[in-house]
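Novice: Based on what follows, work out the 3D shape:
(chains A, B, C and D)
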2 protein chains.
Amino acid sequence: MGKGEYLGEFEQLVMLALVRLGKVGYGMTVRRELEATSGRSVSIGAVYATLDRLEAKGYLSSSVGDPEPVRGGRGRRTFTMEPDGLVALARSRAVLDKMWDGVRLSDLDVS
Amino acid sequence: MGKGEYLGEFEQLVMLALVRLGKVGYGMTVRRELEATSGRSVSIGAVYATLDRLEAKGYLSSSVGDPEPVRGGRGRRTFTMEPDGLVALARSRAVLDKMWDGVRLSDLDVS
DNA sequence: GAAAGTTTCTACAAACTAGAAGTAATAGGC
DNA sequence: GCCTATTACTTCTAGTTTGTAGAAACTTTC
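Specialist: The predicted structure follows:
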């Protein structure tokens, strides 16, 4: 029973970005979505490494599309969530929710 | 800007367990709380390694108490959340909430 | 050939995990 | 009263997985 059973912190964020993006999920948009929504800066290498790992686990799949008729229009590798990935994501959320249940931020005295 | 700026997945759970436990937070109770609430099995080494790391970051502090007059009553090392830890925890939650915002589980088709 | 948008590669640091070993107390048999 | 078993807890060791960054390569238009 090694690691790999639970989604890491960044893995969760990457998957959520993908869910939010819907059809247009590929490396660069995942990065932008992540930076925009979470407010943290993200290196492109981190995104692809995580995407690759999640794909290897069967949590998502990718396919390379045709080039776009624009400058730099290299074929994009778009990613799609797989059922297992959705389940893993939902489970991560559920565990966190359970742990937060009954804990109030006011108890935490955060200023 | 290295890693260590954001709480890992397990770090979040350990801190939450500590918050939930209040006064009686030490290695073994953190483990039990984690197993009971999150439903996942947790090795004791994982707990202490994480607790140590969080203490090193200043997110929590520990002190060894007097032995209890019970069998195995070794002095316990109890942990307390530090303000920085509470802030980090709240921030992790906020980011995740933002990313989940607008995403419905029904969209995810989780059976 | 310069520029833009994208992916791949390389390499290292941090986080996670497991379990054995060590420590310190009481309990119970003799 | 002492030995050894048992219980509760912490420390240590060592390996795997995740997370991070940025340079390099690719592919297309300008």
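Novice: Helices of chain A, residue ranges please.
Specialist: In chain A, the segments counted as helices under DSSP state H are A:9-21, A:27-38, A:44-56, A:83-100, A:105-108.
Novice: CA-only coordinates of the first one, as CSV, when you get a sec.
Specialist: As requested, the backbone C-alpha atoms of helix A:9-21 are provided in CSV (Å, rounded to 0.1, in the frame of the first residue of the first chain):
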residue,chain,number,x,y,z
GLU,A,9,-2.1,18.8,-3.5
PHE,A,10,-1.0,20.0,-6.9
GLU,A,11,-2.6,17.1,-8.6
GLN,A,12,-5.9,18.1,-7.3
LEU,A,13,-5.5,21.7,-8.5
VAL,A,14,-4.4,20.5,-12.0
MET,A,15,-7.5,18.2,-12.3
LEU,A,16,-9.8,20.9,-11.1
ALA,A,17,-8.3,23.3,-13.7
LEU,A,18,-9.0,20.7,-16.3
VAL,A,19,-12.6,20.2,-15.2
ARG,A,20,-13.1,24.0,-15.2
LEU,A,21,-11.7,24.3,-18.7
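Novice: near DNA strand D at all, it?
Specialist: Yes. Against DNA strand D, helix A:9-21 shows contacts by CB under 7 Å from any atom of the strand at A:Glu9, A:Phe10, A:Glu11. C-betas here are computed from N, CA, C, even on glycine.
Novice: Nearest residue to the spatially most central residue of chain A in space, please, no chain neighbours.
Specialist: Centroid-nearest residue in chain A, with CA atoms, centre = their mean: A:Val14, separated by 1.5 Å. Closest residue to A:Val14 apart from its sequence neighbours, by CB to CB, 6 or more residues apart in numbering or on different chains: A:Thr50 at 4.8 Å.
Novice: That neighbour: how many residues sit nearby?
Specialist: Neighbourhood size, A:Thr50 [other CB atoms under 10 Å in any protein chain shown]: 19.
Novice: Cool, thanks, talk later.
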